[in-house]
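>>> Take a look and give me a structure for this.
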Amino acid sequence: MSRKPKTKTPPSPAAHHPYFELVAPTAREVALAGSFNDWHPTATPMIPLGHGRWGKELVLKPGRYEYRFVVDGHWLADPAAKECAPNPYGEFNSVLVVRGPTRTHSSDRDSQPVA
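Numbers count the residues shown, from 1 in each chain. This next block holds a predicted model:
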């Protein structure tokens, strides 16, 4: 009996890999919450990169996404976002538009430290 070799499924050509980065020197936990994960504040934890920097790469289909960082339980807009939208709580969500096949980096914007 012969076995077929396992092959990896190639990534979907419609998937893109935006990268999010935040500088939060005093944070113990940082996560992303947004329309891409039904706004669950713990579903998408970010990775500590050292020196107060946090990062996370996602796989998203093209579209318009609203999001916020959750830093030690406090919801914050991305200080480096190029676009924002008002939310029902009187604050602003950050907006990311995923368009083409290239990587979109939130770090392409000027990252601002978060206290």
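
>>> From the contact counts, what lies against the helix or strand where L32 lies?
Using DSSP states H and E, the element containing L32 is strand 30-34. With contacts defined as 3 or more C-beta pairs under 8 Å, 6 or more residues apart in numbering; DSSP states H and E, strand 30-34 has these neighbours: strand 44-45, strand 63-71. Every residue, glycine included, has its C-beta placed from N, CA and C.

>>> right, and these - which one's nearest S94?
Closest approach to S94 among those is made by strand 63-71 (5.4 Å; C-beta to C-beta).

>>> Run through who's touching the next helix or strand after that closest one.
Helices and strands here follow DSSP H and E; after strand 63-71, the next one along the chain is strand 74-76. The set of residues external to strand 74-76 that reach it, using C-beta atoms under 8 Å, 6 or more residues apart in numbering, is 33, 41, 68-70, 91, 114.

>>> And those, which of them are buried?
Among the contacts of strand 74-76, those classed as buried by 16 or more other C-beta atoms under 10 Å are 33, 41, 68-70, 114.

>>> where's the dip in pLDDT among those residues?
In this model, the minimum pLDDT among the buried ones among the contacts of strand 74-76 belongs to V114 (51).

>>> Any idea which residue is closest to the centre of the chain?
The centre of the chain sits closest to F20, judged by C-alpha atoms, centre = their mean, with a distance of 4.4 Å.

>>> isn't that one right up against G55?
Yes: in terms of C-beta atoms under 8 Å, F20 counts as a neighbour of G55; the distance is 6.7 Å.

>>> any shared contact partners between the two?
With C-beta under 8 Å, 6+ apart as the test, F20 and G55 both reach M46.

>>> if we can go back for a sec, from P45, how far out is the residue nearest to the centre of the chain?
12 Å (C-beta to C-beta, to the nearest Å).

>>> what's E91 in contact with, if anything?
For E91, the contact set (C-beta under 8 Å, 6+ apart) comprises 75, 77.

>>> what do you get for F36?
When contacts are counted by C-beta under 8 Å, 6+ apart, F36 touches 44, 58, 60, 65, 67.

>>> For the second one, which non-adjacent residue is closest in space?
Using C-beta to C-beta, 6 or more residues apart in numbering and skipping residues adjacent in sequence, the residue nearest L58 is P18, 5.7 Å away.
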